[in-house]
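Turn this into a structure:
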Amino acid sequence: MTHEFFISYSAKDAEIAEAVCQTLEKDGLSCWIAPRDITPGVKFAEAILDGINQCRIFLLILSATSNNSPQVEMEVDRAASKNITILSFRIDSVLLSKSMEYYLSSRHWLDASTPPLEGHLLTLVETAKRLLGFPMNTLGLVQPAEAVSRPLQKASTRPTLAPNPFTFGNPIQEPERFFGRRQELRQILNRLLSSAHESTSILGERRIGKTSLLLHLAHPKVAESLGLTPDKFCLVYVDFQGLTDITTQRFWQRVLGKMSLSVCDRSMQIACQKLSQQAEFDLFDLEDLFESFSNKSLTTVLLMDEFEYVTQNPNFTGDFFGGLRSLAIHHRVALIPATRRELVELCYSNEIKGSPFFNIFVNVVLRPFTRQETDELLAGYTHDRFTSAEKDFIWNLGGGYPQFFQTAGYYLLEGKTKGLTGNALEVYTTGNFDQQADSHYSYLWSHCSESEKITLLIILTLAQQNPSKKTIPNLENISRIRARVPQDLSVLSKRALIYDIDGSFHIFSPSFEKWIRNEILVIPGEQESQGNVEQWLKSHGRENLKEARKLLPQIKKRYWITMSELLRDFSIGFTAVGVFEIIKFAIGIR
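I've put the predicted structure just below:
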């Protein structure tokens, strides 16, 4: 399988190589890196040769150790013999060995020897896209005039279509493509810039933009513009996704490795690297390190993505969280974890839930974009090329949920690029959107409790009625139908499945409303018999629900309990109205 990059490095530079790989892949650029991509059972040398042969760019992490590594030299020789574009990412100011000078003297290279590393990684991404044929602005690429590679010549002589600015499935990394979240950023910054450098917990449903927000904060230029200057703050982004069996020792080794790449002070870089390489270290060692940071007036900000992989891991005891709290309170360490639910709800034991660690946070909940924020993003991405009708169309598909309106925008623009218009464009966009959104909608729905599903159905049903004082989906009317609604509304709001406009609750997207209807309704021709309905009602003690006899045959059997509960609740709130007709209209029964 062809990949954009083969990453060649010395084992001593593994931390930086992993950071390079992660940065490129988060921007959609595929990488081959050992040992991750070596198939079990395949000989090491064969796997390396295959990896090099199938790459478009050979990326060398050039350091003092790789400069004199026989293994790295063999990899460079192979790439050169295959006429593969070689790009050196130089992390040390090193004089090339004679062998390396032979291969690299006329090749592309980037100087990344001065901290912080993050800024150089951004330049690497831009350079990579240029070499691969992406249209880019002026870059910081250092190369001799005679060494323009064939891929770059192709890109400079052949007109290239502008890439689609919308993205889904990957976080936003470029500051110019980050929109919204002003209020959330202000809350986080106010606490970071306070005298106590306070911690903040970011909550939000998956695909709501938690990673994009953390990466935005960690971007060197953004951080400096927000007052988080590198002489005062060391911002460290760490992603714990998938690390289900990580230990406390590995946790800190990972964090310290990232810190050594982020901090500008050379002595602190060395101190982080030295501690991370120790076979064992304890809380006292960590306190000494962070005290050294503090003595230099440096505040460490740990931006910890997917932190539930830590709180749900039994390797992390109360002592770990107590130690982390101590660092945050006494040693100028600010913690910004991002999780799907409140931290205390994500613990593996009651003992951990009782830890005072969780008391140091204020929660910032990420909710869907407002219509104004969505329109601002659409205008910014397309230079205001979408019409008002097209913006309405995107809103009806995705609402303010970033994952979904990015998907809708992507396919609408793709359709227009293909020359589609009118109904053909709408069908193309909707079909592709539904295909992408289905699994995400299923996840959102399946992670609702039975009561929350009923509350969503109540909101959907009320919203479909003729507007009146009694049918507005506000707290009073919904509570009149179902008593435990306030708790459900709180959870659904935090999960961004509903939003509140002037006291009236709405499901975040008409497209999700349509999905719920399709999920509940039975496929025509597969209805249960009336006899089966009667038997079920009797066995569940619900014979008095007369309306259920007409409704349940149209509903998938796994939702009969849900719908009978909905019928009972509506019968209490709408005694004078035909409840079946109300619900039938709302969920689309013909």
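
So which residues of the stretch 451-590 of the chain form helices?
Remark: helices assigned in the stretch 451-590 of the chain by DSSP state H, counting those that start in this stretch are 475-481, 485-494, 510-520, 530-539, 548-551, 560-573, 579-587.

Could you dump those helices into CSV and include mean pLDDT and distance to G415?
For the C-beta atoms, the positions are set from N, CA and C on the backbone; glycine is no exception. Converted to CSV, the helices of the stretch 451-590 of the chain look like this (pLDDT from 0 to 100; distance: least, CB to CB, whole Å):
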stretch, mean pLDDT, distance to G415
helix 475-481, 86, 38
helix 485-494, 88, 32
helix 510-520, 88, 17
helix 530-539, 89, 44
helix 548-551, 80, 38
helix 560-573, 77, 36
helix 579-587, 50, 30
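
Figure out which of the ones you listed is closest to E373.
Smallest distance to E373 across the helices of the stretch 451-590 of the chain (CB to CB): 17.2 Å, for helix 485-494.

Quick one: work out the angle between that closest one and helix 560-573.
Relative orientation of helix 485-494 versus helix 560-573 (axes from the mean of the first three to the mean of the last three CA atoms, to 10 degrees): 120 degrees.

counting contacts, what elements does helix 485-494 pack onto?
If you count contacts as 3 or more CB pairs under 8 Å, 6 or more residues apart in numbering; DSSP states H and E, helix 485-494 packs onto helix 450-463, helix 475-481, strand 498-501.

Make JSON lines out of the ones you listed and add distance to P337.
Formatted as JSON lines, those follow (distance: least, CB to CB, whole Å):
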{"stretch": "helix 450-463", "distance to P337": "25"}
{"stretch": "helix 475-481", "distance to P337": "31"}
{"stretch": "strand 498-501", "distance to P337": "25"}
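
Where do the domain boundaries of the protein fall?
3-157, 182-365, 372-446, 450-587 (automatic domain parsing).

Looking at the ones you listed, which is nearest to T167?
Counting by CB to CB, and looking across all of the domains of the chain, nearest comes domain 372-446 at 6.0 Å.

Excluding sequence neighbours, find me the nearest residue to T248.
Leaving aside its chain neighbours, T248 sits nearest to F320 (5.2 Å; criterion: CB to CB, 6 or more residues apart in numbering).

For that neighbour, identify the helix or strand it belongs to.
Using DSSP states H and E, the element containing F320 is helix 318-330.

now swap in R130 and tell me
R130 is located in helix 117-131, with elements delineated by DSSP H and E.

Give the rounded mean pLDDT of that helix.
Mean per-residue pLDDT for helix 117-131: 83.

Which strands or helices does it pack on?
Applying 3+ CB pairs under 8 Å, 6+ apart, we find helix 117-131 packed against helix 14-26, strand 55-62, strand 85-90, strand 108-111, helix 150-157, helix 220-225, helix 248-262.

Same list (those) but as JSON lines, adding mean pLDDT.
Below are the helices and strands packed on helix 117-131 laid out as JSON lines (pLDDT from 0 to 100):
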{"stretch": "helix 14-26", "mean pLDDT": "90"}
{"stretch": "strand 55-62", "mean pLDDT": "93"}
{"stretch": "strand 85-90", "mean pLDDT": "90"}
{"stretch": "strand 108-111", "mean pLDDT": "81"}
{"stretch": "helix 150-157", "mean pLDDT": "34"}
{"stretch": "helix 220-225", "mean pLDDT": "92"}
{"stretch": "helix 248-262", "mean pLDDT": "91"}
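
circling back: compare the helices and strands packed on helix 485-494 and report which one is nearest to L335.
The nearest among those, by CB to CB, is strand 498-501 at 28.6 Å.

what's the closest of the helices and strands packed on helix 485-494 to L124?
Comparing the helices and strands packed on helix 485-494 against L124 with CB to CB, the closest turns out to be strand 498-501 (39.1 Å).

Would you mind confirming that L346 makes contact with Y309?
No - using CB atoms under 8 Å, L346 makes no contact with Y309, being 9.4 Å away.

hmm, back to that, what helices or strands is the helix holding F320 leaning on?
Using 3+ CB pairs under 8 Å, 6+ apart, helix 318-330 sits against helix 283-295, strand 333-339, helix 350-353.

tell me the angle of the longest one relative to strand 333-339?
Interaxial angle of helix 283-295 relative to strand 333-339 (the same axes, to 10 degrees): 110 degrees.

Show me how far helix 283-295 is from its chain's centre.
For helix 283-295, the distance from its own C-alpha centre to the chain's C-alpha centre is 31 Å (CA atoms, centre = their mean, to the nearest Å).

any idea how far the helix or strand following that helix is from the chain center?
Reading on from helix 283-295 to the C-terminus, the next helix or strand found by DSSP H and E is strand 299-305. Between the centre of strand 299-305 and the centre of its chain there are 17 Å (CA atoms, centre = their mean).

Just want the angle from strand 299-305 to helix 283-295.
Angle of strand 299-305 versus helix 283-295, following the same axes, to 10 degrees, is 120 degrees.

can I get the CA coordinates of the very next helix or strand once past strand 299-305 in PDB?
Using DSSP H and E, the next helix or strand after strand 299-305 towards the C-terminus is helix 308-311. In PDB, the C-alpha atoms belonging to helix 308-311 read as follows (Å, rounded to 0.1, in the frame of the first residue of the first chain):
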ATOM      1  CA  GLU A 308     -10.900   9.000  30.400                       C
ATOM      2  CA  TYR A 309      -8.300   6.400  29.300                       C
ATOM      3  CA  VAL A 310      -6.500   7.500  32.500                       C
ATOM      4  CA  THR A 311      -9.400   7.800  34.900                       C
END
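
tell me which strands and helices helix 308-311 is in contact with?
Judged by 3+ CB pairs under 8 Å, 6+ apart, helix 308-311 is in contact with no other helix or strand.

Quick one: residues in contact with it.
By CB atoms under 8 Å, 6 or more residues apart in numbering, the list of residues contacting helix 308-311 from outside reads 240-244, 246, 251, 304, 316, 339-341, 343, 346-348, 352.

can you tell me which of those residues are in strands?
304, 339 (DSSP state E).

Now distance to N164 too, for the domains of the chain, in JSON lines please.
Formatted as JSON lines, these follow (distance: least, CB to CB, whole Å):
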{"stretch": "domain 3-157", "distance to N164": "11"}
{"stretch": "domain 182-365", "distance to N164": "17"}
{"stretch": "domain 372-446", "distance to N164": "6"}
{"stretch": "domain 450-587", "distance to N164": "20"}
